[in-house]
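Undergrad: just the structure for this:
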Amino acid sequence: MMASAAATIDRPVTVFVTMDAVPLLESGEGWRRLAGSDRDDDLKGRGVADMETLLQACTALDVGMMVCEAGLKGLDVAEDALRDDLGVEVTGLVTFYQTLGDGQIVSL
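TA: You can find the predicted model right below:
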């Protein structure tokens, strides 16, 4: 939600995902394996944007999606298991920091 909100007001946003958050970017609804994902349908029923809507909004708003190569290896997730509709770039922290430049980091 924070990424799409920031992008909506024209802030440059890059999401960097690693380790336990990798399912967020896996094919299908891999994000449903994340802790707390069981609340997604409930929130959607209350009019709150669900995870799929937020991910699609990020794509529409040109939010960069990066996944940590070491995180993929650590979890034994193949690169071809990632979603192909989000423009996910497999990279490392150095590239993320270079992309970030003087921007902010928000970590959850």
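
Undergrad: in the chain, where is pLDDT below threshold?
TA: Applying pLDDT under 70 to the chain flags no residue at all.

Undergrad: can you give me the helices in it?
TA: 2-8, 40-45, 51-60, 69-75, 93-100 (DSSP state H).

Undergrad: with mean neighbour count and distance to residue 82 as extra columns, can I get the ones you listed in a markdown table?
TA: For glycine as for every other residue, the C-beta is placed from the backbone atoms N, C-alpha and C. A markdown table is the format used below for the helices of the chain (neighbours: other C-beta atoms under 10 Å; distance: least, C-beta to C-beta, whole Å):
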| stretch | mean neighbour count | distance to residue 82 |
| --- | --- | --- |
| helix 2-8 | 16 | 17 |
| helix 40-45 | 13 | 20 |
| helix 51-60 | 16 | 12 |
| helix 69-75 | 15 | 8 |
| helix 93-100 | 13 | 16 |
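
Undergrad: of all the ones you listed, which lies closest to residue 22?
TA: Nearest to residue 22 among the helices of the chain is helix 69-75; the distance by C-beta to C-beta comes to 5.4 Å.

Undergrad: by contact count, what packs against the closest one?
TA: Other helices and strands packing on helix 69-75, by 3 or more C-beta pairs under 8 Å, 6 or more residues apart in numbering; DSSP states H and E, are strand 88-91.

Undergrad: what strands flank the strand it packs on, and is each parallel or antiparallel?
TA: strand 64-68 (parallel) (DSSP bridges).

Undergrad: alpha carbons only: can I get stretch 77-97 in CSV?
TA: Output of stretch 77-97 as CSV, limited to C-alpha atoms (Å, rounded to 0.1, in the frame of the first residue of the first chain):
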residue,chain,number,x,y,z
VAL,A,77,13.2,-20.5,-5.8
ALA,A,78,13.9,-20.6,-9.5
GLU,A,79,13.9,-17.3,-11.4
ASP,A,80,11.2,-18.8,-13.7
ALA,A,81,8.9,-19.2,-10.7
LEU,A,82,8.5,-15.4,-10.5
ARG,A,83,5.6,-13.5,-11.9
ASP,A,84,6.1,-12.2,-15.4
ASP,A,85,3.5,-9.4,-15.2
LEU,A,86,5.3,-7.2,-12.7
GLY,A,87,8.6,-6.6,-14.5
VAL,A,88,10.6,-8.2,-11.6
GLU,A,89,14.4,-7.7,-11.8
VAL,A,90,16.6,-10.3,-10.1
THR,A,91,19.4,-8.4,-8.6
GLY,A,92,21.3,-7.7,-5.4
LEU,A,93,21.6,-5.1,-2.7
VAL,A,94,24.3,-3.2,-4.5
THR,A,95,22.1,-2.6,-7.5
PHE,A,96,19.2,-1.7,-5.3
TYR,A,97,21.3,0.9,-3.5
